[in-house]
Every structure is written in structure tokens, then in C-alpha cells.
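Visitor: Structure for this input, please:
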Amino acid sequence: MNNIERNYRIIQQRMIEQMENSVTLGRKIIDTELDTGLFNFIVKPIVKTFYDWWAQNEARIGTLQQIKVTLDSGKLLLHNGESDQIFDRIVDENFPKYFAGDQTSRQCSRNHKNYDRLKQVVKETYINYLKQVVKLLEVNDDLDDYGDLCRAAFKTKELAEENLMKQLSFTEKAIKIIEEDPSILKIPMGKKILLKALRKGFEQTKIEFKNALEDTYNQK
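Guide: Next comes the predicted model:
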């Protein structure tokens, strides 16, 4: 196995672990939100059923598709050269597949006034994600795990944190667009609860990512 394939598998495993952690966290937050509302007993079964169905189907299928598209795009870049022209071509060819796996495409109304704004944020997310993945894929050092890979690709904690915060900023932007007008969601009931869970999950995930970054770069 060459280094690109090795790195591909390490990144893929890490991204899948993060997906599973996010799904579990979302369920815990929704349970908390539903247990505190006065009238939530009415929508509780509906929201939980929707979330469990979404987590097992839409979320996993879509996220796995996005992970594969991004990693495969990164491999294409490394095999074909990283010029701006080639980068733009690969983005144009592969973004539709990436977007098809995104929850903006799956759970939001295409006729909504903010849909194109949200789609543009997803494209910016994909482009930035792809740039980071290329840095990780091209590492040639001997290594054992994702922590080693990160330290080799991003030499300092400051550089890694800068990249992390940039990626999170796109997620923040997307959430704000949905919070601005939740009617973009095609979900029939429980929009407020799901949005609260989305916001709380994002804030908690930011903390966990920062803690993981500290652990990665403070290892002796």
C-alpha cells in the first residue's frame, strides 16, 4: 500500500468516527430538549422517530458519500497535478456528487429564497475541506494514526487550529442561514427543537475538536 492509500484509509476512518460521534451527540441533545419543554410530549415521538430515521439513513448515507467524494477528489488532484486549472476542474466535476450527499440538498427546499446561499456555503466547505485533505493525503512520513498524520501535514498547533477554525466557520455560516429562516427545512414538525439541537451540537463539537487538537499537539 502506498502512502496516499494509507493516508486515505486513516482519514476515512477518522471521518466516519466523527460522523458516528455527531449522530450520537445529536440524539442526546434532542432527548434533553424534549424533556424540558412543557408541550414537548406531543411532538416527542415524532421528532425522535424522524431523528432516528434520519440518522440511520439520510445522515449516514449522505456523509459517507461526501467523505468518499472528497477523498477521491484529493487523490485525483495528487495524481493529476495541483494547478489552479486542474483544481477548478475537479471541483466542478465532483461538487455535484458532494452536494447530493449534503443535508442542504436532502432536507432543504430548493424553492426557498436562501437555498442558493446555503448551496454556495456548502461549495466553500467542500473546497476548503478538499484543500485540507490534499495536505493530509500527500504526507510521506512513517506514521501510525491520524494524530501522526495531522502533525506531519500541519507542523504546528497554530496552523492546525487555523485550518480547523476556517472549516468550522463554514458550518457556522450554514447554521446561521437556517436559523435566520427555518422555513427552508422540509421537516414538517419540530423545527425549533432540531435547530436547537443543531446549534448545541455544533458548539459542543467545536469544544471537542479543540480539545482533540490540544491532545494531538501536546503529546510528548
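
Visitor: contacts for stretch 139-156?
Guide: 3, 7, 10-11, 13-14, 135-136, 138, 160, 163, 215-217, 219 (Cβ atoms under 8 Å, 6 or more residues apart in numbering). For glycine as for every other residue, the C-beta is placed from the backbone atoms N, C-alpha and C.

Visitor: Now do that stretch: distance from first to last residue.
Guide: 15 Å (Cα to Cα, to the nearest Å).

Visitor: for stretch 142-150, same thing?
Guide: End-to-end for stretch 142-150, by Cα to Cα: 12 Å.

Visitor: Give me the pLDDT for Gly37.
Guide: On pLDDT, Gly37 comes in at 54.

Visitor: One more: Glu33?
Guide: Reported pLDDT for Glu33: 67.

Visitor: Stretch 93-109: how far from the chain's middle?
Guide: 12 Å (Cα atoms, centre = their mean, to the nearest Å).

Visitor: now the end-to-end length of that stretch.
Guide: 24 Å.

Visitor: And for stretch 148-158?
Guide: Terminal-residue distance, stretch 148-158 (Cα to Cα): 16 Å.

Visitor: please begin residue numbering at 766 from this point
Guide: Sure, I'll start counting at 766 from here, so that last one is stretch 913-923.

Visitor: Any idea how far it is from the middle of the chain?
Guide: 20 Å.

Visitor: Please apply the same query to stretch 837-845.
Guide: 20 Å.

Visitor: just checking, next helix/strand downstream of whichever helix or strand Tyr863 is part of?
Guide: According to DSSP states H and E, Tyr863 maps onto helix 849-865. Later in the chain than helix 849-865, the nearest helix or strand by DSSP H and E is helix 868-872.

Visitor: elements contacting that following helix?
Guide: On a contact count with 3 or more Cβ pairs under 8 Å, 6 or more residues apart in numbering; DSSP states H and E, helix 868-872 meets helix 880-902.

Visitor: Specify the angle between the helix it packs on and helix 849-865 in degrees.
Guide: Angle of helix 880-902 versus helix 849-865, following axes from the mean of the first three to the mean of the last three Cα atoms, to 10 degrees, is 120 degrees.
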